[in-house]
Each structure stands twice: as structure tokens, then as C-alpha cells.
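Participant: structure, please.
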Amino acid sequence: MKKVNKYYLKKIRELNCSACGQEGFYGVQAHHNTNRTGLGGKAPDIESMPLCYTCHYDLHFGIGVKKWENKFKNQDDFVIEARLKLFYNIKNSNYPKKEMEKINFTEEEIDDFIKNNSF
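Facilitator: Down below sits the predicted model:
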């Protein structure tokens, strides 16, 4: 699995904030899930979710991870939801094959992920 994928992060930043719903692009950042690496560690880019500046700051420096997850929900769930939204957007784009190639996922991998993680 490729650890760095700038295009994937760009697509994540186009989504609304996972925690508060702020619209994408302006002020939305890609937060790398800290559940597996701890604060200061760096998860692969595909383990990221969109967070606005305020929610991202609160997670790292404000209320902390445990309180933040109690207030909203587990980061793992947000990562899955963000990836599902991103995959749906790509599948419904004008050039899905090109988009899939840029994020290093095959159509089969995307379909399997959607099938196994749909709520």
C-alpha cells in the first residue's frame, strides 16, 4: 500500500468536515487517523479524513483524542465514511478510470470496499 498519495488527500479535502459538516475546500484539512499511530505518528494517506481547522485543532491540541471521539465518534468510523464518500464521488465522476488510477485503487478494490463497508 502506498503511504503517500497527494491526489487522495486533495480529494479528501474536497469533502465536508467529518465532525461538524463544514463545506469542503475552504478550511478543510486532511487529518491522518491517530488511532493506530498515536499523536505524532503518520498513518498512510488513505487513513485520512476531512476536518475543518477548528475540529482538527480540537483533536490535536484542544480537548484531546478521547474527549474528541466521545463528542463526535471514533476516527476509524470517520475514515471509512470519508473513503466511501470519496469512492462514490469517483465512481460517479466524468472520468472514473482516470480518478481511480490517480488514487491507486482498482475498480474491483473500490467495489469491494463499498460492498463491505456500506452502512
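
Participant: only C-alpha atoms from now on, for both contacts and neighbour counts.
Facilitator: OK.

Participant: any idea how far residue 112 lies from residue 88?
Facilitator: Per Cα to Cα, to the nearest Å, residue 112 is found 12 Å from residue 88.

Participant: who's more crowded, those two?
Facilitator: residue 88 (15 against 11; other Cα atoms under 10 Å).

Participant: need the residue closest to the centroid of this protein.
Facilitator: In the chain, the residue lying closest to the centroid (Cα atoms, centre = their mean) is residue 49, at 2.5 Å.

Participant: for the protein, give me the ranges with low pLDDT.
Facilitator: The chain contains residues with pLDDT under 70 at 1-4, 24-26, 35-41, 119.

Participant: can you give me the strands in it?
Facilitator: Secondary structure of the chain by DSSP state E: the strands cover 28-32, 48-52.

Participant: tabulate the ones you listed (TSV), appending distance to residue 6.
Facilitator: Listed next are the strands of the chain as TSV, based on distance: least, Cα to Cα, whole Å:
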stretch	distance to residue 6
strand 28-32	10
strand 48-52	11
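
Participant: just the ones you listed: most buried one?
Facilitator: Among the strands of the chain, strand 48-52 has the highest mean neighbour count (mean count of other Cα atoms under 10 Å), at a mean of 28.

Participant: can you give me the helices in this structure?
Facilitator: 6-13, 53-60, 65-71, 75-91, 96-102, 107-117 (DSSP state H).

Participant: OK, contacts around residue 20?
Facilitator: Contact analysis of residue 20 by Cα atoms under 8 Å, 6 or more residues apart in numbering lists 52, 55.

Participant: and for residue 101?
Facilitator: Not one residue lies near residue 101 by Cα under 8 Å, 6+ apart.

Participant: one more: residue 68?
Facilitator: Residue 68 makes contacts with 58-59, as judged by Cα under 8 Å, 6+ apart.

Participant: cutoff 7 Å now
Facilitator: With contact taken as Cα atoms under 7 Å, 6 or more residues apart in numbering, residue 68 is in contact with residue 59.
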